[in-house]
Every structure is written in C-alpha cells, then in structure tokens.
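Asker: No letters, just coordinates:
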C-alpha cells in the first residue's frame, strides 16, 4: 500500500492514496521540499524554495500558473493545445516568435500598432471593400505596376510630375487639358493630327 506524507498545523498524518483528498490545512511535501496544499478555498503548489507555482482559488474561480525561475513548456506532441477564454487573452513578452505551416486568423475588429514593420511575402492576395491609407511619405519601388480601375481614377495633388526614361503614351476616347495659365509643349517635333 502506497502512502503520502502530509503535514497539518498540529501533527503529521499518513493518508492512503485511495482515501478522499486532504481537507483544508493539509500540505503534501516532497523529499526536495516542493509542496501542495489545500488552504480554505484554495489549492496551491510551491517549489522547494516556497515560491508559488500554481494556485487555484475555488471561491473566485481564478487560477494562476507561475514559474519564478526557468522556462515553462506546454507540449502536446500528438495532440492539440487549446487556449480558450470567455473574455480576453493577453500576451506580454520582450520577443514573440510564432511558426506554423499554415495560419488562419479571424478577427471581427483588429487594431495593430508598431514602431517598425518589416514584411517579406512571396505572394499576397488582398480583397478589400474599402481601404484608406494615411502617410506622411510613400515610396513605392516596383519592376512593373499594372492598375485597373473600372470607374473613376481621381488624383488631387499640389503638383504632379512624371519623369519617364522611355516612351510616354496616353490613349483615350476623349482627352481634355485645361489650364488656368500657360500650356507648354516642348519637343524636337510636335505632331498634331
């Protein structure tokens, strides 16, 4: 028959493993000094130095898992790990690394803030009903850019300048150039019609 050694405030007691769980005030202690105890409405586990590792408060329904020194690993080599919360989940760390073969992320509402973002994407497909971009400066570098706008493509700017090394071609069913001041066309040859 296997027994556990427990301590109460008054004296040591030996309990058979088959008997009911210890009542409030009892503590199970390992030979190295780690312990588990039932105190009123809470259960707590402490390391050999007496630091709290796990606590569950039955009165409030709150649990806490703490590793004062060292690392904490959650493993399910042949299964899944689900983190489920009714209200919120908070992650706070100096560095966060996530790796997966596939990731599906769904948010009803999302806010993202960062000091700096570096992204390397081999291929991206983005479908948006509406996009609004606000930036102090925008720099776009590309080998080729193709835009297709079914309706109006409207640009409002203080000045517009296009510098083209090769040919510039504008084709339209109708074209209109309206200036409140001078219109200047300068070239070796200007062909009209």
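Answerer: Alright, I've got the coordinates. Source: prediction; values computed, not measured. Numbering: from 1, shown residues only.

Asker: Please compute how far stretch 125-135 lies from its chain's middle.
Answerer: 20 Å (C-alpha atoms, centre = their mean, to the nearest Å).

Asker: One more: stretch 142-162?
Answerer: Chain-centre distance of stretch 142-162: 34 Å, with C-alpha atoms, centre = their mean.

Asker: For it, measure first residue to last.
Answerer: Using C-alpha to C-alpha, to the nearest Å, one end of stretch 142-162 lies 16 Å from the other.

Asker: can you check stretch 59-70 too?
Answerer: Using C-alpha to C-alpha, one end of stretch 59-70 lies 30 Å from the other.

Asker: likewise stretch 129-137?
Answerer: 24 Å.

Asker: ok now it, how far from the chain's centre?
Answerer: On C-alpha atoms, centre = their mean, the centre of stretch 129-137 falls 22 Å from that of its chain.

Asker: Now do the buried residues in that stretch.
Answerer: Using 16 or more other C-beta atoms under 10 Å as the test for burial, stretch 129-137 gives no buried residues. (Glycine included, C-beta is placed from N, CA and C.)

Asker: Low-confidence ranges, the chain, go.
Answerer: For the chain, the stretches with pLDDT under 70 are 1-24.

Asker: Could I get the full set of helices for it?
Answerer: Along the chain, no stretch is classed among the helices by DSSP state H.

Asker: how about the strands in the chain?
Answerer: 3-7, 12-16, 27-29, 35-39, 42-46, 52-57, 62-65 (DSSP state E).

Asker: what angle do the fourth one and strand 52-57 make?
Answerer: Yep, that's strand 35-39 we're talking about. 20 degrees (axes from the mean of the first three to the mean of the last three C-alpha atoms, to 10 degrees).

Asker: My understanding was that residue 39 contacts residue 45; is that so?
Answerer: No. Using C-beta atoms under 8 Å, residue 39 makes no contact with residue 45, being 11.6 Å away.

Asker: more crowded one of those two?
Answerer: Between residue 39 and residue 45, residue 45 has the larger neighbour count (other C-beta atoms under 10 Å), namely 16 against 13.

Asker: In contact with the residue nearest to that one when sequence neighbours are not counted, which residues are there?
Answerer: Once flanking residues are discounted, residue 45 sits nearest to residue 54: 4.2 Å by C-beta to C-beta, 6 or more residues apart in numbering. Residues near residue 54 by C-beta atoms under 8 Å, 6 or more residues apart in numbering: 43, 44, 45, 63, 64, 65, 66.
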